[in-house]
Structures are given as C-alpha cells and as structure tokens.
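Asks: sequence plus predicted model, see below.
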Amino acid sequence: MMDLDIGRETDIFVTPEGRHFHGEYFTHLFYGVSGVARFQFYQPAVEKVILRFVPEPSFDASTRATLESFQERVRKDISPSLALELAAVKDIPLSPTGKFRFTWSDVSVGRPDPTARP
C-alpha cells in the first residue's frame, strides 16, 4: 500500500483548559481580510498562539485593527486563557516537507508526530 501525504495539513490546537479545536477556526478569521500577503497561526505552548503575518504594501491601520480584533474573538470563542500574539514578519518559511502550513501547533494532543524518526 502507498501512503500519500498530499493536501492541506491543519493542526489541532489545545487550550489551557485542555479543550481541543481545529486550526481551521483561525483560517476562517481571515476571510475578507486584505493587506496581508501570507499568514500562519502557530502554537508554541498551550497558553499562546502567535499570528505571524507578512504585510502587503496596502497594510494599514484598518488591517491592524482587524488583526487586533482577533485577540478578543479568540478569548471569547475559544478560551479567555489563550493569548494571541501578533507578529509582523518578512517571510514565513515552508514546513520541512516543503508545504506551507496556515496553522501549526507544537502542542501534543496524543497523536504521533509524523516527522519523528523511529
């Protein structure tokens, strides 16, 4: 049998309270947002998610306000204990497999790491 790892990969995120939610929640926040060339929601620790974004030349105060509004939405919709940090960056690197990931969580939810070597 062949194991084909193609298509989009979206991680499961974890709240400080132990609830799990799909990373697709974050990508939906960006529907209709202009002024951002590329974005990625990254969870390095259970209490924090970082929104990395590459601003376009059209990025302005309105775009910044929209991104800042995500912080309150996440607290309301997901967890009041989950901090969303905004980070403007020049580039967002591809994953080790060469794919761009809109969402990425380093917090384990009890599933094996597909990049781990036996």
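Replies: The structure has been received and is ready for your questions. Residues are numbered from 1 along each chain as shown.
Asks: bridged to residue 41, which residues?
Replies: In this entry, residue 41 is beta-bridged to residue 51, residue 103, by DSSP bridges.
Asks: which residues touch it?
Replies: When contacts are counted by CB atoms under 8 Å, 6 or more residues apart in numbering, residue 41 touches 13, 23, 26, 27, 49, 50, 51, 52, 102, 103, 104. Quick note: C-beta positions are derived from backbone N, CA and C, even for glycine.
Asks: residue 88: which of those is nearest?
Replies: Ranked by distance to residue 88 (CB to CB), the contacts of residue 41 are led by residue 52 at 8.2 Å.
Asks: I figured that closest one hits residue 43, correct?
Replies: No: between residue 52 and residue 43 there is no contact under CB atoms under 8 Å: 11.6 Å.
Asks: how near is the residue nearest the centre of the chain to residue 61?
Replies: Centroid-nearest residue in the chain: residue 41, 1.7 Å away (criterion: CA atoms, centre = their mean). To residue 61, residue 41 is 22 Å away according to CB to CB, to the nearest Å.
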